[in-house]
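Undergrad: Sharing a sequence plus its predicted fold:
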Amino acid sequence: MPEATADGHEVTAGTWLAGLGMVLREWGRIGITGFGGPPAHIALLRRLCADNRGWLDAAEFEDAIAACNLLPGPTSTELAIFCAWRVRGRLGALVGGLAFIVPGLIIILFLSALFLAGAPPLWVRGAGAGAGAAVAAVAVQAGWTNQAAQSFLDGAGPAAIGAIFGAAILLARALSVGWQFAVLAGAAVLLLALRRGVVLTLLGAAAVGLTVAFAGGPLPA
């Protein structure tokens with residue numbers, strides 16, 4: 001049965017923009033690697049759906065963001081489901097939504113169980129302190145790569161930029177050990193100047209935390 005797209009055109013099963021396997025793989029990848037919250041998710045969805053694959057044009061993607069902002073609930077999750085529907089219809093929306101939400105949920109539950117344990121293992125505390133120190137840089141990088149945030153350079157969107165940097169400042173102020181500030185500075189250089197990947201940067205930060213922990217260095221309380 002044909003389905004109507006956002007622009008009113010009918011799409012049949014033979015003209016889907018992508019298969020369910022690709023939706024499962026790509027939306028799952030974003031759900032797992034989208035560190036930095038909604039700004040990161042939106043930037044990754046834009047790169048996938050508009051910039052790289054051309055499934056949506058820039059105007060349609062911006063309209064989708066605006067529409068999702070008017071709805072209750074997490075904007076990036078709604079946007080992910082919309083993009084999956086646009087690419088593969090109702091079944092694609094279901095598969096894409098689950099692939100986007102479930103992996104991150106499982107990771108959060110697992111990490112929460114470790115961190116909230118009576119005595120978290122030393123490696124968990126070290127890796128968490130290291131990766132946590134880099135999160136402020138991730139937030140700035142994720143927001144700045146968002147085309148909507150970059151519009152500030154043209155005199156628009158100061159509220160978006162203020163929110164991004166405000167969140168980053170709050171995250172940075174939560175750091176309590178000297179070496180964490182060095183990790184934050186290194187992550188900022190890697191992400192903003194050298195344009196390295198978020199996942200590798202966070203893994204590197206976690207590795208620094210592990211090294212400090214096993215060397216007997218100070219860890220956050």
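TA: Arrived safely, thanks for sending.
Undergrad: for this protein, what spans make up the strands?
TA: Assigned by DSSP state E, the chain shows strands spanning 3-4, 10-11.
Undergrad: any idea how this structure splits into domains?
TA: 1-116, 120-221 (automatic domain parsing).
Undergrad: How far does stretch 62-70 sit from its chain's centre?
TA: When C-alpha coordinates are averaged (C-alpha atoms, centre = their mean, to the nearest Å), stretch 62-70 and its chain have centres 17 Å apart.
Undergrad: any weak-confidence spans in this structure?
TA: The chain contains residues with pLDDT under 70 at 1-15, 36, 142-168.
Undergrad: center of it - which residue?
TA: For the chain, Gly34 is the residue whose C-alpha lies nearest the centre (C-alpha atoms, centre = their mean; 2.7 Å).
Undergrad: And the helices in the protein?
TA: Assigned helices in the chain, in chain order: 20-33, 38-46, 58-69, 75-115, 122-144, 147-150, 158-173, 178-188, 198-214 (criterion: DSSP state H).
Undergrad: and the gap between Ala172 and Ala137?
TA: Separation of Ala172 from Ala137 (C-beta to C-beta, to the nearest Å) stands at 9 Å. Just so you know, the C-beta spots here come from the backbone N, C-alpha and C atoms, and that holds for glycine as well.
Undergrad: Overlap of the contact sets of those two?
TA: Each of Leu184 lies in contact with both Ala172 and Ala137 under the rule C-beta atoms under 8 Å, 6 or more residues apart in numbering.
Undergrad: Who has more neighbours out of these two?
TA: Comparing Ala172 with Ala137 by neighbour count (other C-beta atoms under 10 Å), the higher total belongs to Ala137, at 27 against 18.
Undergrad: Not counting residues beside it along the chain, what's closest to Pro218?
TA: Val177 (5.1 Å; C-beta to C-beta, 6 or more residues apart in numbering).
Undergrad: neighbours around the one you found, how many?
TA: Applying other C-beta under 10 Å, we find 17 residues neighbouring Val177.
Undergrad: was I right about it contacting Ala129?
TA: Yes: contact criterion C-beta atoms under 8 Å: Val177 and Ala129 qualify, at 7.0 Å.
Undergrad: Mutual contacts of the two, please.
TA: By the contact definition C-beta under 8 Å, 6+ apart, Val177 and Ala129 are jointly contacted by 219-220.
Undergrad: Next, count neighbours for the closest residue to Ala50 other than its chain neighbours.
TA: Distance criterion C-beta to C-beta, 6+ apart; nearest residue to Ala50, sequence neighbours excluded, is Phe61 at 4.7 Å. When neighbours are counted by other C-beta under 10 Å, Phe61 registers 23.
Undergrad: how far away is Phe61 from Leu200?
TA: To Leu200, Phe61 is 27 Å away according to C-beta to C-beta.
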